[in-house]
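**Q** Quick check, what structure comes out for this input:
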Amino acid sequence: MAHLMVRAQDGDRAAYRRLLDEVAAHVRALVEPHATYAPWVEDIVRECLMAVHYARATYHPSRPFGPWLQAITSHRLAAHDQGAPSARPVAAGARSPRQRPRGLTVAFAAMAFITLVAGTTVSLRAQAQPAPAVPHYSGPREDAPIPRPGMTPAQGRVAVVVTDPQNDFLSPDGVAWGVVGESVKENGTVENIERLLKVAKASDIPVFVSPHYYYPHDHRWTFGGALEVLMHAIGMFDRKGALTQEAFEGSGADWLARYKPYLNDGKTVITSPHKVFGPETNDLVLQLRKAGISQVVLAGMSANLCTESHMRELLEQGFEVVVVTDATAAAKLPGFDGYEAAYVNFRLIASDIWSTADAVKTLSSLDAPPSRR
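**A** Numbers count the residues shown, from 1 in each chain. Purely as a prediction, here's the structure:
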């Protein structure tokens, strides 16, 4: 059945119809010998077919089909066993049609296991193939069994967006280095952001920066969340005012020096500052729309705060978003790893997650825009 599922995932309707027929026959053959009330059988078959339909995107061809199907069918049978008793009167000592024999679930699981071991078409060699992996700074990590939509970037539609590429996060002299420094070094974040900027400029891919600035009037806010309060307390991203660059050069709010040739080239779009974490309070979405951008390659700081918040809002606004997971980093505190928290959400929410190497390879392969051909 595995080959039918693969064809079905590619849009082959005939293969999908045949797959459902074979799954139905498989489940029916396992359940019928243990059912004392005939309608149970078709109930279970129907529920299993619906479960397979809704979970079909979670099957990956490199994994055995049998255990995948067994997990779904066993779960559905267990749920079916817990159905409410029939409201019809039942004679003393008789079993209600809804009172299923408790041994049915166990018998089904045992029969499924025997059948899958004896009759599965998945070879041992196929079972030994590595599971799908996703990029992680520590090395490839086994992927979650969920869809991975991906993104095919197109010149003229794709842009690189970087959040907070500023000294307070990325410099050892920054006020947040004590909590983010370990993660920055593990990921190679500083170097990887520069690699993204370099390939974007070389490939004529627009770069947008969503910075974080606080002005004196922002310090008059009367309340804030936990890290808002902390950022204000330590003077993070502070500037003298919105209309002055006094004391800005080299400050914690300034760009990391190695990024300045890319960001101060007169072509990079520097948006108005976001004030908490997401781009709801700045003009990033407007700037992207006005530039005809619908695809975003996202990087920057801090993974579980501004970067994740930008990812969420851009998706809500209808953009495709890929997060470059080793071109970001986050605070690590005892018992609290901000990067791992963000990494899970990147995979569960974004169109895809890439390594910097993936991003560089993909973006450098794009055709030059018409003006450069």
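**Q** And the strands in the stretch 201-350 of the chain, which stretches?
**A** Using DSSP state E, counting those that start in this stretch, the strands of the stretch 201-350 of the chain run over 207-210, 269-270, 295-301, 320-329, 332-333, 336-337.
**Q** Quick check: buried residues in the third one?
**A** Just to be clear, that refers to strand 295-301. For strand 295-301, a neighbour-count test (16 or more other C-beta atoms under 10 Å) marks 295-301 as buried. The C-beta positions use only the backbone N, C-alpha and C, and glycine is treated the same way.
**Q** out of the strands of the stretch 201-350 of the chain, which comes closest to Ala368?
**A** Closest of the strands of the stretch 201-350 of the chain to Ala368 is strand 207-210, at 16.0 Å (criterion: C-beta to C-beta).
**Q** Dump that closest one to CSV, keeping only the CA atoms.
**A** In CSV, the C-alpha atoms belonging to strand 207-210 read as follows (Å, rounded to 0.1, in the frame of the first residue of the first chain):
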residue,chain,number,x,y,z
VAL,A,207,16.7,43.2,2.0
PHE,A,208,14.4,44.6,4.7
VAL,A,209,15.4,45.3,8.2
SER,A,210,12.9,45.6,11.0
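**Q** pLDDT score for Val27?
**A** Confidence at Val27, expressed as pLDDT, is 81.
**Q** Downstream of whichever strand or helix holds it, the next helix or strand is which one?
**A** Assigned by DSSP states H and E, Val27 belongs to helix 13-31. Using DSSP H and E, the helix or strand that follows helix 13-31 in sequence is helix 38-55.
**Q** tilt between that following helix and helix 13-31?
**A** Calculated by axes from the mean of the first three to the mean of the last three C-alpha atoms, to 10 degrees, helix 38-55 forms an angle of 140 degrees with helix 13-31.
**Q** rewinding a little: of the buried residues of strand 295-301, closest to Ala202?
**A** Among the buried residues of strand 295-301, Val297 lies closest to Ala202 (C-beta to C-beta), at 14.3 Å.
**Q** Could you tell me how many residues sit around Leu363?
**A** Per other C-beta atoms under 10 Å, the neighbour tally for Leu363 reads 20.
**Q** and it, that one's in a helix?
**A** Yes. Checked against DSSP: H, G, I helix; E, B strand; the rest coil, Leu363 lies within a helix.
**Q** and it, what does it touch?
**A** Going by C-beta atoms under 8 Å, 6 or more residues apart in numbering, Leu363 touches 153, 158, 160, 199-200, 203, 205, 297.
**Q** Just give the closest residue to Gly235, not the sequence neighbours.
**A** Of all residues not flanking Gly235 in the chain, Val175 sits nearest, at 6.5 Å (C-beta to C-beta, 6 or more residues apart in numbering).
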